[in-house]
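Participant: The sequence and its predicted three-dimensional model are supplied below.
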Amino acid sequence: MTYYDVFNGDADGILSLVQLRQVQPRDSILITGVKRDIELLKQVPIDGSSNSSGKTITVLDVSMEKNKAALQAQLTDGADVFYADHHRSGNIPQQVNLNANIDLDANTCTALIVDKLLNGEKHHWAIAAAYGDNLISVADSLAKTAGLSETEAEQLKELGVLINYNGYGESLDDLHFEPANLYNNLVQYPSPFDCISDQHSPFHLLKNAYQSDLKKAQSAVVVNDDDTLLALELEDAAWARRISGVFGNQLANQNPDKAILILTQNTDSSYRVSLRAPINNKQGAGDVCSQFETGGGRAAAAGINNLPQTELKSLLSLVSRFYG
Ligand SMILES: [Mn+2]
């Protein structure tokens with residue numbers, strides 16, 4: 001039997017797998033990548049035997065819809081597939097060798113789905129993941145119910161945010177830790193608090209790196225700031241690609257009634273755009289971005305890969321009208 005663990009390289013993906021493998025250890029082949037690299041399942045080889053069951057695949061925190069063809073190919077190939085996720089699934093194949101655990105509720109994430117399946121055995125990791133996926137109020141109430149102090153909840157939040165921060169980048173070269181290495185490191189700590197108290201853990205390394213990137217981001221150029229929309233521009237650099245996502249979350253949390261737009265210059269002088277709907281009005285971001293050729297995404301968060309500079313004005317006025 002060959003085992004594959006396929007997971008998103010962000011906090012939610014990594015900490016979903018940490019929970020699972022601490023409870024069900026397995027010698028598996030890891031398949032992951034930068035956060036935006038979600039078409040991961042196609043990297044699992046096809047045996048061509050179709051009689052099974054030489055292959056067990058666990059898939060965590062990547063959209064089933066985006067991995068549809070690869071999933072179907074694996075099921076036909078006889079693989080046993082365990083799938084847990086909270087992104088768009090499309091039609092879920094009804095096959096006995098697929099165990100699908102999909103929940104599209106905007107207030108859940110994959111680590112919380114896994115937490116339920118494991119009856120909360122690794123609950124603290126799940127809470128850190130929920131913080132990392134920016135489900136702040138959900139995580140706050142879970143921490144409270146679990147009897148954690150405010151300081152402990154803050155620590156889990158910081159760890160979750162730092163692991164999430166590590167996933168952002170254009171390619172693995174931008175990242176401090178390759179997500180597979182970060183997983184291998186974190187899974188050795190029985191609880192997130194063991195990781196935080198170890199001065200040599202990734203927590204402390206990421207904390208320093210994050211602060212240095214954040215400092216640079218604070219001097220970003222403000223393109224627009226009014227009651228409806230805060231738009232900033234970051235330069236084309238590894239630090240900007242790393243910090244943009246978590247910086248955007250931070251601005252969104254600090255300005256809950258504003259849409260947050262972050263522009264990063266691409267090397268071809270077009271913009272990469274990340275748009276967050278206002279925290280208090282989580283709708284429409286995907287619809288707005290889809291009106292541009294290389295745009296798309298979810299209601300709460302969406303993006304445009306290559307926005308020509310000449311279209312920036314029309315994007316800004318579209319966003320202002322939509323949320324105004
Ligand atoms: Mn997630």
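Facilitator: Cool, the structure landed.
Participant: Just give me the neighbour total for whichever residue of the stretch 1-150 of the chain sits closest to the ion.
Facilitator: Minimum separation of the stretch 1-150 of the chain from the ion (C-beta to the ion) falls at Asp12, amounting to 3.3 Å. Glycine gets a C-beta too; all of them are placed from N, C-alpha and C. Neighbour count for Asp12, taken as other C-beta atoms under 10 Å: 33.
Participant: these two touch, right, it and Ala129?
Facilitator: Yes. Asp12 is in contact with Ala129 according to C-beta atoms under 8 Å; the separation is 5.0 Å.
Participant: re earlier: contacts only, for the residue of the stretch 1-150 of the chain closest to the ion.
Facilitator: By C-beta atoms under 8 Å, 6 or more residues apart in numbering, Asp12 lies in contact with 61, 109-111, 129-130, 132-133, 164.
Participant: Those also near the ion: which ones?
Facilitator: Contacts with the ion are made by 61, 109, 133 out of these, judged by C-beta under 5 Å from the ion.
Participant: Turn the residues you listed into CSV, columns for secondary structure.
Facilitator: What follows is these, written out as CSV (DSSP: H, G, I helix; E, B strand; the rest coil):
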residue, secondary structure
Asp61, coil
Cys109, coil
Asp133, coil
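Participant: want to throw those residues into CSV with neighbour count and pLDDT?
Facilitator: Compiled in CSV, the ones next to the ion among the contacts of Asp12 are given as follows (neighbours: other C-beta atoms under 10 Å; pLDDT from 0 to 100):
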residue, neighbour count, pLDDT
Asp61, 31, 97
Cys109, 31, 96
Asp133, 26, 92
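Participant: can you pull out the helices in this structure?
Facilitator: Here the chain has its helices, by DSSP state H, at 11-23, 68-76, 110-117, 123-132, 136-145, 150-166, 179-186, 192-197, 202-217, 238-254, 285-290, 312-323.
Participant: What is the third one packed up against?
Facilitator: When you say that, I think you mean helix 110-117. Packing partners of helix 110-117 (3 or more C-beta pairs under 8 Å, 6 or more residues apart in numbering; DSSP states H and E): helix 11-23, strand 80-85, helix 123-132.
Participant: Deepest-packed of those, please.
Facilitator: helix 123-132 (a mean of 30; mean count of other C-beta atoms under 10 Å).
Participant: Cross-check the contact I'm expecting between His87 and Ser63.
Facilitator: Yes. With contact defined as C-beta under 8 Å, His87 counts as touching Ser63 (3.7 Å).
Participant: Please state the offset of stretch 165-175 from the chain centre?
Facilitator: Remark: stretch 165-175 is offset 12 Å from the chain centroid, using C-alpha atoms, centre = their mean, to the nearest Å.
Participant: Could you list the contact residues of the stretch 101-250 of the chain toward the ion?
Facilitator: With C-beta under 5 Å from the ion as the criterion, the stretch 101-250 of the chain comes near the ion at residues 109, 133.
Participant: do you know how far the nearest residue to Lys207 once chain neighbours are set aside is from Gln155?
Facilitator: Excluding the flanking residues, the one nearest Lys207 by C-beta to C-beta, 6 or more residues apart in numbering is Leu162, at 6.1 Å. Counting by C-beta to C-beta, to the nearest Å, the separation of Leu162 from Gln155 is 11 Å.
Participant: so where's the stretch 201-324 of the chain shaky on pLDDT?
Facilitator: Within the stretch 201-324 of the chain, not a single segment meets pLDDT under 70.
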